[in-house]
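Participant: I'll drop the sequence and a predicted model, then ask my questions.
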Amino acid sequence: MRAALVSSTQLLRQQRTGRGSFLLDLRSGSRLVAGMSSFSPVATSIQSKLESALSPLHLEVLNESHMHNVPKDAETHFKLFVVSETFSKLNPIQRHRRVNSILKEELDGPVHALSIIAKTPTQYEAMQRNGAKIPASPACRGGDGSLPPTN
């Protein structure tokens with residue numbers, strides 16, 4: 001198994017990217033939490049299921065619910081960044097389908113939106129070499145019409 005290619009300073013910087021977010025570096029087994037005193041049940045379930053099914057080399061579960069028109073402390077909108085050898089024989093659509101099938105219970109229940117970035121170890125190494133970062137999610141556009149239009 002390859003070690004995750006994330007330095008401690010990168011983890012600490014990424015930790016601050018979202019309220020209710022956590023990162024897991026399987027090289028060291030360290031789990032970092034930002035903006036919450038304990039793990040939330042949906043995020044914990046997502047993390048546990050992906051660890052078990054994919055044995056990821058790197059996993060980030062970002063709760064982006066706070067960026068949307070949902071109640072405080074909601075767990076409805078997530079972004080995943082997962083690196084696994086399992087993805088080496090799968091094309092991007094197959095990778096997303098695999099993650100969706102693992103998280104079927106969450107997607108049938110509390111999770112409304114799931115953004116997935118699924119990479120192979122080789123792709124992740126290239127990202128690290130090139131200094132590529134996970135793209136920021138767009139701002140909520142108020143899909144239910146409750147937010148004022150932006151011009």
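Facilitator: Arrived safely, thanks for sending.
Participant: buried ones in the lengthiest helix in the chain?
Facilitator: Longest helix in the chain, counting residues (DSSP state H): helix 41-54. Neighbour-count burial for helix 41-54, counted by 16 or more other CB atoms under 10 Å, picks out 42-43, 45-47, 49-50, 54. Glycine gets a C-beta too; all of them are placed from N, C-alpha and C.
Participant: cool, stretch 111-126 as well?
Facilitator: With burial defined by 16+ other CB under 10 Å, the residues of stretch 111-126 counted as buried are 111, 114, 116-121, 124.
Participant: mind picking the two most distant members of the residues you listed?
Facilitator: Greatest spatial distance in the buried residues of stretch 111-126: 111 and 121, 26.4 Å, computed using CB to CB.
Participant: how about the next helix or strand after the longest helix of the chain as PDB, C-alpha atoms only?
Facilitator: Remark: after helix 41-54, the chain's next helix or strand is strand 58-63, criterion DSSP states H and E. What follows is strand 58-63, C-alpha atoms only, in PDB (Å, rounded to 0.1, in the frame of the first residue of the first chain):
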ATOM      1  CA  HIS A  58      -6.300   9.700   1.300                       C
ATOM      2  CA  LEU A  59      -9.800  10.700   2.300                       C
ATOM      3  CA  GLU A  60     -11.400  14.100   2.800                       C
ATOM      4  CA  VAL A  61     -15.000  14.500   3.800                       C
ATOM      5  CA  LEU A  62     -16.100  18.100   3.700                       C
ATOM      6  CA  ASN A  63     -19.500  19.100   5.000                       C
END
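Participant: what helices and strands are in contact with strand 58-63?
Facilitator: If you count contacts as 3 or more CB pairs under 8 Å, 6 or more residues apart in numbering; DSSP states H and E, strand 58-63 packs onto strand 21-25, helix 41-54, strand 77-83.
Participant: and the ones you listed: which comes nearest residue 89?
Facilitator: Closest approach to residue 89 among those is made by helix 41-54 (12.9 Å; CB to CB).
Participant: what mean pLDDT does whichever strand or helix holds residue 116 have?
Facilitator: Element membership for residue 116, per DSSP H and E: strand 113-119. The pLDDT scores in strand 113-119 average 96.
Participant: partners of it in the sheet?
Facilitator: strand 77-83 (parallel) (DSSP bridges).
Participant: which residues are contacting the following helix or strand past the partner strand?
Facilitator: Scanning forward in sequence from strand 77-83 by DSSP H and E, the next helix or strand is helix 92-102. Contact partners of helix 92-102, identified using CB atoms under 8 Å, 6 or more residues apart in numbering, comprise 49-50, 53-54, 80, 82, 86-87, 90, 107, 114, 116, 118.
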